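Undergrad: structure, please.
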Amino acid sequence: MSVSVGIDVHRKRSQIAVVEDGGAVRVNRNVPNGVEPVLSVIGDLPIGAPVAFEAAYGWGWLVELLEDYGFEPHLVHPLRCKAIASARLKNDKVDAATLAQLLRADLLPEAWIAPLDVRQQRVLVRHRCQLVRLRTLLRNRVHAVLADHGCDRPGGYFTAPGRAWLQALDLPDASRRVVDDLLVLMDALKEPIDALDAQLLA
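TA: From the prediction side, this is the model:
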């Protein structure tokens, strides 16, 4: 007998529902995330059994687990899964069973599951974006400290001339400490950002 599986994935635990071909729910269990707990629920299912789960927080490990053990992963687009989003009764058991039922009925709004190398590339791109945002935050803080003292210059603050101008500013001790610390942190970010630029553009 064929089965369909729906998994409501969360950060620490996941709800797993196994639905038979006729629509009956064989099992609906909450387990900790990990290979052994998940396989304790679905490990005896036929090779190639389809498994649906939403594109929620931290699903990469689940794709690898399913592929490694011969299951067929189906990634669900959460915003397009109206049956779950608009349900009056919402809990993990209902969501997992709904995913399995939609999969069984071939009504699942699927998203593309990128290969591992693409997912890893995305990790690097997101990491670079976060580092650049952090650097921007630090730069904005320098601007705020200087604005508090009425200091400004026509050119940028973080070019070579701008840095020399910053170092020569006569600031109160606390403000000088803040600016110097911010510059040190910005300098520390330069190396990993430059390395990521070189790797991503290679």
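
Undergrad: list the buried ones in whichever strand or helix holds residue 135?
TA: Using DSSP states H and E, residue 135 sits within helix 116-148. Within helix 116-148, the residues that count as buried by 16 or more other CB atoms under 10 Å are 128, 135, 138, 139, 141, 142, 145, 146. Every C-beta, even on glycine, is put in place using the N, C-alpha and C of the backbone.

Undergrad: just checking, the fourth one touches residue 157?
TA: This means residue 139. Yes. Contact criterion CB atoms under 8 Å: residue 139 and residue 157 qualify, at 7.4 Å.

Undergrad: now distance to residue 78 too, for the buried residues of helix 116-148, in CSV please.
TA: Compiled in CSV, the buried residues of helix 116-148 are given as follows (distance: CB to CB, whole Å):
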residue, distance to residue 78
128, 26
135, 31
138, 34
139, 35
141, 35
142, 39
145, 42
146, 44
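
Undergrad: can you tell me which of the residues you listed is closest to residue 122?
TA: residue 128 (10.7 Å; CB to CB).

Undergrad: and the closest residue to the closest one other than its chain neighbours, how far is that from residue 33?
TA: Residue nearest to residue 128 in three dimensions, not counting chain neighbours: residue 196, with 4.4 Å by CB to CB, 6 or more residues apart in numbering. For residue 196, the distance to residue 33 equals 29 Å [CB to CB, to the nearest Å].

Undergrad: what of residue 67?
TA: Residue 67 is 16 Å from residue 33, by CB to CB.

Undergrad: phi, psi of the closest residue to residue 141 other than its chain neighbours?
TA: Nearest residue to residue 141 in three dimensions, chain neighbours excluded: residue 182, at 5.5 Å (CB to CB, 6+ apart). Main-chain torsions, residue 182, degrees, to the nearest 10: phi -60, psi -40.

Undergrad: ok, residue 182 - contacts?
TA: Counting by CB atoms under 8 Å, 6 or more residues apart in numbering, residue 182 touches 138, 139, 141, 142, 145.

Undergrad: more neighbours, residue 67 and residue 33?
TA: residue 33 (16 against 13; other CB atoms under 10 Å).

Undergrad: the more buried one contacts residue 59, doesn't it?
TA: No. Residue 33 is beyond contact range of residue 59, at 10.2 Å (criterion: CB under 8 Å).
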